[in-house]
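Enquirer: Turn this into a structure:
(chains A and B)
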Amino acid sequence: MTTITAGGSAHHDEASEEHEHPADSYYWGVFGALALLTALEVSTYWWPEGWHKVTHIALIVMMVIKFATVGAVFMHLRNDAKILRQIFVFGVIVAIGVYIAALGSMLFFYDSGNSEINYVPRHHPMPPPATDPPPVIAPTHGE
Amino acid sequence: MSETMTETTEHATDAVRAEASGHGPHDAVEEHGHGTTNTGVSNEKLGMWVFLGSECLMFGGLISTYLLYKNRPGSTALDTVAGRGVHGSPLRPSELFNIPFTSFTSFVLLASSLTMVLAVSAAHRGEQQRTRIWLGSTAFLGSLFIGGQVFEFTTFWHRGLGFTTNTASSAFFTLTGFHGVHVSIGIVMLLVTIMMSASGRIPRSRAESIEIIGLYWHFVDIVWILIFTVVYLIK
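Expert: You can find the predicted model right below:
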């Protein structure tokens, strides 16, 4: 009986936690920060071509910050039950792992097709497509 | 036999909790909108999070496929079957991107996340009218985003890039199209919720149902954050 009550009160605390919502002004503030970050992201499109490595790193960092902020604040993962955070983070980590492995197995990190990153020139280019029509087999007449 | 015992124990647990909090068992259910579960989270909410976790894998697959093909616009299976040669059009989707326009639609989707969280907040406070206004705003901003996507797809089509033009275009349209379908489903869910709220079928005690739709909507926004950076901005 005591165990039930203790477990019950623990669950009640967790459940009541999910009903705590910050003031609306807080959400407006977070949105302002996200909008600024988006503007900064867009501005990278016009950064000099030679900065592409810096640009890529900056874009990925900003993307991760925006992803985490929307998840933590707007989806309430920061204040919600721990199990929800675990489920979502598990899904994200599995997805990242599986597709990094898949891209790696298809040599994406060796030759992405982008000469600015890791283009590997081909010494033996693919042959041009065959343009000859298929051979016509003459009909055989029965003897 | 053991199932009956488990059920009895669960009922006893609810009764003990209700007594401890000074409410009757019915009040406890009314307060949270669902019965108590082992995890402390309603089954509906848990189910939505599991669904979103699995959606990460689906969008991960689509994004990876685009990354593989975006610089290699080869032929599609349809080209090969139709005997149109093994090399498709060399036109890449990235050559046609209109970054200022897509930035605007991305900003619109981000703003819809704000209106959605404000709707959830208002629903938890029991402000029905305000909840409907924010939900309507979210649906409107979502429709604006979809309109932008339709405009973008139409522009690409007129400039010679269709779904079967090459593998890069197939991967691009599949990825962004799937995302668009998700946004459209979200808009339908929002409109149904507004109608249910207007008919008084979503009282304050069931505010969690709006929160669950909000989770779906925010996830769609999160996926676009990834797509916008990986597909549009990283050259």
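Enquirer: tell me which residues in the longest helix seen in chain A are buried?
Expert: Using DSSP state H, we find that the single longest helix of chain A is helix A:82-105. Neighbour-count burial for helix A:82-105 flags A:Leu84, A:Arg85, A:Ile87, A:Phe88, A:Gly91, A:Val92, A:Ala95, A:Tyr99, A:Leu103 (criterion: 16 or more other Cβ atoms under 10 Å in any protein chain shown). (C-beta placed from N, C-alpha, C; glycine too.)
Enquirer: Over to stretch A:38-47?
Expert: For stretch A:38-47, by 16+ other Cβ under 10 Å, it's A:Thr38, A:Glu41, A:Val42, A:Thr44, A:Tyr45.
Enquirer: how about the helices of chain A, start to end?
Expert: All helices of chain A, identified by DSSP H, fall at A:2-17, A:24-43, A:52-69, A:82-105.
Enquirer: how about CSV for those helices, with mean pLDDT and distance to B:Asn38 added?
Expert: Shown next, in CSV, are the helices of chain A (pLDDT from 0 to 100; distance: least, Cβ to Cβ, whole Å):
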stretch, mean pLDDT, distance to B:Asn38
helix A:2-17, 41, 8
helix A:24-43, 95, 31
helix A:52-69, 93, 28
helix A:82-105, 89, 10
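Enquirer: now these as JSON lines including distance to chain B?
Expert: Shown next, in JSON lines, are the helices of chain A (distance: least, Cβ to the nearest Cβ, whole Å):
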{"stretch": "helix A:2-17", "distance to chain B": "4"}
{"stretch": "helix A:24-43", "distance to chain B": "4"}
{"stretch": "helix A:52-69", "distance to chain B": "4"}
{"stretch": "helix A:82-105", "distance to chain B": "3"}
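Enquirer: export the ones you listed to a markdown table and tack on distance to B:Pro203?
Expert: A markdown table is the format used below for those (distance: least, Cβ to Cβ, whole Å):
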| stretch | distance to B:Pro203 |
| --- | --- |
| helix A:2-17 | 18 |
| helix A:24-43 | 21 |
| helix A:52-69 | 31 |
| helix A:82-105 | 24 |
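Enquirer: Show me the one of those helices that comes nearest B:Cys56.
Expert: Closest to B:Cys56 of these is helix A:82-105 (Cβ to Cβ; 4.2 Å).
Enquirer: could you give the angle of that closest one to helix A:52-69?
Expert: Counting by axes from the mean of the first three to the mean of the last three Cα atoms, to 10 degrees, helix A:82-105 lies at 150 degrees to helix A:52-69.
Enquirer: Run through who's touching helix A:82-105.
Expert: A:14, A:71, A:77, A:109, B:39, B:41, B:45-46, B:49-50, B:52-57, B:59-61, B:63-64, B:67-68 (Cβ atoms under 8 Å, 6 or more residues apart in numbering or on different chains).
Enquirer: For A:Ala35, give me its contacts.
Expert: A:Ala35 neighbours (Cβ under 8 Å, 6+ apart): B:Phe107, B:Leu110, B:Ala111.
Enquirer: What is the burial count for the last one?
Expert: By other Cβ atoms under 10 Å in any protein chain shown, 19 other residues sit near B:Ala111.
Enquirer: how about the nearest residue to it, chain neighbours excluded?
Expert: Spatial nearest neighbour of B:Ala111, chain neighbours left out: B:Leu141 (5.6 Å); criterion: Cβ to Cβ, 6 or more residues apart in numbering or on different chains.
Enquirer: can you put the contacts of A:Ala35 in JSON lines and add distance to A:Lys66?
Expert: Shown next, in JSON lines, are the contacts of A:Ala35 (distance: Cβ to Cβ, whole Å):
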{"residue": "B:Phe107", "distance to A:Lys66": "12"}
{"residue": "B:Leu110", "distance to A:Lys66": "8"}
{"residue": "B:Ala111", "distance to A:Lys66": "14"}
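Enquirer: can you tell me which of the residues you listed are in helices?
Expert: Among the contacts of A:Ala35, DSSP H puts B:Phe107, B:Leu110, B:Ala111 in helices.
Enquirer: and which of those residues is nearest to B:Phe219?
Expert: Of the ones in helices among the contacts of A:Ala35, the one sitting nearest to B:Phe219 (Cβ to Cβ) turns out to be B:Leu110, at 13.6 Å.
Enquirer: separation between the closest one and B:Trp134?
Expert: Shown here: B:Leu110 relative to B:Trp134, a distance of 15 Å by Cβ to Cβ, to the nearest Å.
Enquirer: Could you do B:Ser103 as well?
Expert: 24 Å.
Enquirer: If you count surrounding residues, which of those two has more?
Expert: Neighbour comparison, B:Ser103 and B:Trp134: the larger count goes to B:Trp134, with 24 against 19 (by other Cβ under 10 Å).
Enquirer: what sits against the residue nearest to B:Gly180 when sequence neighbours are not counted?
Expert: Among residues not flanking B:Gly180 along the chain, B:Gln149 sits closest, at 4.9 Å (Cβ to Cβ, 6+ apart). By Cβ under 8 Å, 6+ apart, B:Gln149 lies in contact with B:Thr105, B:Thr176, B:Gly180.
Enquirer: would you list the residues you listed in a markdown table and tack on pLDDT and neighbour count?
Expert: Below are the contacts of B:Gln149 laid out as a markdown table (pLDDT from 0 to 100; neighbours: other Cβ atoms under 10 Å in any protein chain shown):
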| residue | pLDDT | neighbour count |
| --- | --- | --- |
| B:Thr105 | 96 | 20 |
| B:Thr176 | 96 | 21 |
| B:Gly180 | 97 | 20 |
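Enquirer: Return the member of the residues you listed nearest to chain A.
Expert: Chain A has its nearest neighbour among the contacts of B:Gln149 in B:Thr105, at 11.4 Å by Cβ to the nearest Cβ.
Enquirer: Next, the angle helix A:52-69 makes with whichever strand or helix holds that closest one.
Expert: Using DSSP states H and E, B:Thr105 falls within helix B:99-125. Per the same axes, to 10 degrees, the angle that helix B:99-125 makes with helix A:52-69 is 20 degrees.
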